[in-house]
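Trainee: just to be clear, the model below is a prediction. Sequence and coordinates:
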Amino acid sequence: SQGGGQLWIFGGEYTSPSESQFYHYKDLWCYHFSSKRWEKVAASGGPSARSGHRMVVFKHFLIIFGGFHDNLRDCKYYNDLYSFDLNNRVWKKLETIGSEPSPRSACQMFPTPDGRIGLYGGFCKQKLK
């Protein structure tokens, strides 16, 4: 139940104080304001471990775009798109048609009043070809 409101968190990154170790998460959590309790949500098929991604609520879905994964050997940026159905608690990778945004992290993503999702800016260490 969403009574009292919820806060949803996916993924993220741990960096050691010396910045010599990185760990990227791919877990999904929900904080229930009414009960003041965290719930770890078990649902397979979601995005890979990452940070710097963006997530918005759209209708009854969480929508996740982009982000990156850095393990000091390789740094990969993403432009994939996932939805999480808040009613059925199921992940789905969304397929796109036509042109799409380049891989990036740290962009702005926001729902618009006319029912679309906007995406602006971002960062990527990899040069576009």
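Mentor: Done, it's in. Numbers count the residues shown, from 1 in each chain.
Trainee: mind jotting down where the strands sit in the chain?
Mentor: Remark: strands assigned in the chain by DSSP state E are 6-15, 22-32, 37-41, 54-58, 61-70, 75-85, 90-93, 108-111, 117-120.
Trainee: need phi/psi at the residue sitting furthest away from the middle of the chain.
Mentor: The C-alpha centroid of the chain is most remote from residue 18, which lies 25.8 Å away (CA atoms, centre = their mean). The phi and psi torsions at residue 18 (degrees, to the nearest 10) take the values phi -90, psi 0.
Trainee: tell me the spacing between it and residue 38.
Mentor: Distance, residue 18 to residue 38, using CB to CB, to the nearest Å: 29 Å. Where C-beta positions appear, they are placed from N, C-alpha and C, glycine not excepted.
Trainee: re the thing from before, look up the pLDDT of the residue farthest from the centre of the chain for me, please.
Mentor: Looking at residue 18, its pLDDT reads 90.
Trainee: and it, how far from residue 24?
Mentor: 17 Å.
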